[in-house]
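Trainee: missing the sequence, but the structure's below:
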């Protein structure tokens, strides 16, 4: 198999499959090694050369335009400002007259954002003031130097270029080229002719022009600009980037008064609260295949979402920097490094310094196109971002179950054996996965003719048990004239081109590979067509897809990715790099939709992603390791993704690299069972680790964790329906629900699922206990296992054993569960519900139940059930939230458990069929009331009265 792969790939494989289990940081650039980052970071605060030319201002009903001038080189920029619906302000800055068009990101916004009217409040020689609507919000544009402030009342919400770090490298001709010399010579002659005639007409012209730089003609000779290393060519290790367009970087600073906590800009293996970067590298956004990444540093990983959220007790805001080129984000703070004592001393001494966080975004090319999401609440920021890039795709119910994967299940018999093992050990699962070895020589859309000779027979065996399969389809295509996919892409001219115009080739799993140009709509349409059942031989409706290596990964490329001077039509790869993964994901999801005639929801997992990837499926955190710190980091990594729209996130349970101890494996299952995407995965070189291979005790612990996941599937499904509708994350930091509680602002070892479940996984080796913060000083929380009641607003120490998964239900909530766990989610479709009613201190509670067919788009035609449960005045009722919706279910309510209850004398059920007395038990020691077999249909109106 390896013989034809060539020396470069064999060296790479030797590193991957050998004893070295750590990232080689030398393969990836620091800011100092990235020429544009180094140049922009060298710009010092307070010396901005940019000035607003107020006389050029034009204001229409929907936008303001204004020219900016760089007084050092006289290059003019065009500022556009829009007030968008939903309390969003958009700011665009481009060259006024670029040498050639600069890249503007397409396909990420779901539509051209609708605008609202702007009005001019005042104007003088120093600037202009515009109204942003009725909320006393204003935009102040200052002229010299250019600065933009958004204020509400007396509060400054956000400032742009307040530190003077706006940088915009204009496109220019290279001065040592023949064409430049000809052009500059002609221009010089023409300027001399004009100067002669203008002097004859007005001898005082020189003096007038010299009096005020604002009057200088824009063709005046630019100040000689220093040519620095890396502007026109850049070498990293053995790779040279030809940079035919020269320097083109853009940067802008944002100041956030009153803010100490910022979040987002995934993907980084770091804490939820972003750290200051003054003493190290900025956070980097550049999709890369990073082999076993290091933790707690700002290195780039597989995906990039250029969205940052800022939060304090008064307000939440967001910044969406729409640029797909390599990007670096610097963060500084005037309170960073201060101890709690230092902050107290400031307070006692009456220090008037307001906390402030400053952020600088630096991108290699493109334009400045930034959306300022002004909240003011976390939910409104989620809604604002969703209005721009869309919401989380509503997944098939089965994809919320458990997924079993490794690199690789060897053959059909291996798949059959693993599948049978789950039944033998009574562990439910929904999907079994196949990695790259299932193909015929790493040719995607094919099957190994010996190991997977009868894929439909294998898939039918799974379908008979109501289970499914995922097979990998990567975007690097083996260059082989006997391979249909390659021949089609090649003949249609669909491959990415190298800088000289030939098809770009790189090394990846198949050896020499081509890379389809997914930025082309016709290429994406063709790719989607390959998932049709008459094209993808062996595929059936229970086969779904996984896109790996789509950063794109190029083993012999610079930083293990594509050369930046490769070409996508008119654009360089440097302009589009962070979009490659979302385009692969988009085309694949579209293929799964089309193969069913638009009926079935797709499930596609991607490793690389960008803003908007939530519209196409799930994301995982890549090649982690079987280490305790990697288990811990899965929580902030998924929380960071959730905050920027990507709710369907998970980490490889057990760790991809290395072999977990049994304790770590069990704890990882217990954690993963309460994270949105729940998949175990392992490297080719690791020992097998199916859940039953670690002795009966550990099998039982893993079984219990997986079964807990399945009991909560109704709640998970409802949360994903809410995420699809509103953009609210499924997995949430505590501050989202408790935005005024500073104790929640930096917590990232526990999280909420929706509003109503708080999870504090055990992530320490040998733990005898954990301390969970229960928020809400007027709230109560119930341990879901023991029903013990705890007050909010406290740090609670919880003794733990190996079976413990600390999870709490919020008082005031009603959560539907299905307690009859079967082999897969589809087998549970008609099973009954148990309602867990957790009363708050006011003895009220509410919740929801969402039911549909679990796999089609028929919910878009109002084919679903959506109920609201409420408990107050000792009456529990179910009412229809969507009177226009039509759907029927065989499921019924078999049990109601009320936590924090008192003992009634009688309980009465009222339905359309009449009135019945119900049987119940009451546990006085725990104040738990259990109502048995009330029996009403889950889609019906009913009420239960406690007397």
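Mentor: Arrived safely, thanks for sending. Small disclaimer: the values here were computed from a predicted structure and weren't measured. Residues are numbered from 1 along each chain as shown.
Trainee: all contacts plus neighbour counts: C-alpha atoms, from now on.
Mentor: Noted.
Trainee: Ranking helices and strands of this protein by mean pLDDT, which lands last?
Mentor: In the chain, no helix or strand scores lower on mean pLDDT, DSSP states H and E than helix 205-211, which sits at a mean of 39.
Trainee: List the pairing partners of the very next helix or strand once past that one within its sheet, with orientation.
Mentor: Heading C-terminal from helix 205-211, the first helix or strand you meet, by DSSP states H and E, is strand 234-236. Sheet pairing of strand 234-236 (DSSP bridges) gives strand 239-241 (antiparallel).
Trainee: Determine the next helix or strand in the C-terminal direction from the strand it pairs with.
Mentor: In N-to-C order, the element after strand 239-241 by DSSP H and E is strand 250-257.
Trainee: Domain ranges for the protein, per the record?
Mentor: Split into domains by the TED database, the chain comes to 40-169+245-389, 397-474+521-555+574-712, 832-946.
Trainee: Tell me which of those domains approaches residue 718 most closely.
Mentor: Closest approach to residue 718 among these (Cα to Cα): domain 832-946, 5.4 Å.
Trainee: so residue 93 makes contact with residue 82?
Mentor: No: at 11.8 Å, residue 93 and residue 82 do not qualify as touching, with contact defined as Cα atoms under 8 Å.
Trainee: the more surrounded of the two?
Mentor: Between residue 93 and residue 82, counted using other Cα atoms under 10 Å, the more crowded position is residue 82 (23 against 20).
Trainee: Which element, helix or strand, includes residue 523?
Mentor: helix 521-529.
Trainee: how distant is that helix from the center of its chain?
Mentor: On the basis of Cα atoms, centre = their mean, to the nearest Å, helix 521-529 sits 24 Å off its chain's mean C-alpha point.
Trainee: Does anything pack onto that helix? Which helices or strands?
Mentor: Contacts defined by 3 or more Cα pairs under 8 Å, 6 or more residues apart in numbering; DSSP states H and E place helix 521-529 against helix 580-595.
Trainee: Show me what the helix it packs on is packed against.
Mentor: Judged by 3+ Cα pairs under 8 Å, 6+ apart, helix 580-595 is in contact with helix 521-529, strand 543-547, strand 604-606.
Trainee: May I see these organised as TSV, with mean pLDDT added?
Mentor: What follows is these, written out as TSV (pLDDT from 0 to 100):
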stretch	mean pLDDT
helix 521-529	98
strand 543-547	98
strand 604-606	99
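Trainee: most packed of the ones you listed?
Mentor: Mean neighbour count, computed with mean count of other Cα atoms under 10 Å, is highest for strand 604-606 among the helices and strands packed on helix 580-595, reaching a mean of 26.
Trainee: How far away from the center of its chain is that strand?
Mentor: Strand 604-606 has its C-alpha centroid displaced from the chain centroid by 13 Å (Cα atoms, centre = their mean).
Trainee: Same check on stretch 502-513?
Mentor: The answer for stretch 502-513 is 29 Å, by Cα atoms, centre = their mean.
Trainee: and what of stretch 872-888?
Mentor: Averaging C-alpha positions (Cα atoms, centre = their mean) puts stretch 872-888 34 Å from its chain's average.
Trainee: Pull the residues that contact it.
Mentor: Stretch 872-888 is contacted by residues 843-845, 852, 862-871, 939-947 when judged by Cα atoms under 8 Å, 6 or more residues apart in numbering.
Trainee: And the buried ones among these, selectable in PyMOL?
Mentor: The PyMOL command for the buried members of the contacts of stretch 872-888 (criterion: 16 or more other Cα atoms under 10 Å) is given here:
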select buried, resi 843+844+845+852+863+864+865+866+867+868+869+870+871+939+940+941+942+943+944+945+946
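Trainee: tell me what the helix or strand where residue 94 lies is packed against?
Mentor: Assigned by DSSP H and E, residue 94 belongs to strand 88-95. Packed against strand 88-95, as judged by 3+ Cα pairs under 8 Å, 6+ apart, are the following elements: strand 76-84, strand 368-373.
Trainee: Buried residues, the helix or strand following it. List them.
Mentor: Remark: after strand 88-95, the chain's next helix or strand is strand 119-124, criterion DSSP H and E. By neighbour count with 16+ other Cα under 10 Å, strand 119-124 contains the buried residues residue 119.
Trainee: ok, now stretch 789-803?
Mentor: Within stretch 789-803, the residues scored as buried using 16+ other Cα under 10 Å are 789-793, 802-803.
Trainee: dump the residue contacts of residue 444.
Mentor: Taking Cα under 8 Å, 6+ apart as the test, what residue 444 contacts is 472-474, 477.
Trainee: Please identify, among these, the one with the most neighbours.
Mentor: Of all these, residue 477 has the most neighbours under the rule other Cα under 10 Å, reaching 28 neighbours.
Trainee: Tell me if I'm right that that one and residue 486 touch.
Mentor: Yes: with contact defined as Cα under 8 Å, residue 477 reaches residue 486; the gap is 6.2 Å.
Trainee: any weak-confidence spans in the stretch 651-800 of the chain?
Mentor: The model of the stretch 651-800 of the chain has no residue with pLDDT under 70.
Trainee: can you pull out the helices in it?
Mentor: Using DSSP state H, counting those that start in this stretch, the helices of the stretch 651-800 of the chain run over residues 662-672, 696-711, 713-726, 734-737.
Trainee: Just name whatever secondary elements the third one is in contact with.
Mentor: Judged by 3+ Cα pairs under 8 Å, 6+ apart, helix 713-726 is in contact with helix 378-389, strand 813-817, strand 845-851.
Trainee: ok, residues contacting that helix?
Mentor: Contacts of helix 713-726 (Cα under 8 Å, 6+ apart): 382-383, 386, 391-395, 397, 400-401, 647, 676, 728-730, 753-754, 815-818, 848-851.
Trainee: most packed of the helices and strands packed on helix 713-726?
Mentor: Comparing these by mean count of other Cα under 10 Å gives strand 813-817 as most buried, with a mean of 25.
Trainee: Contacts for it next, please.
Mentor: So strand 813-817 is in contact with 711-715, 756, 833-840, 845-849, 869-870, going by Cα under 8 Å, 6+ apart.
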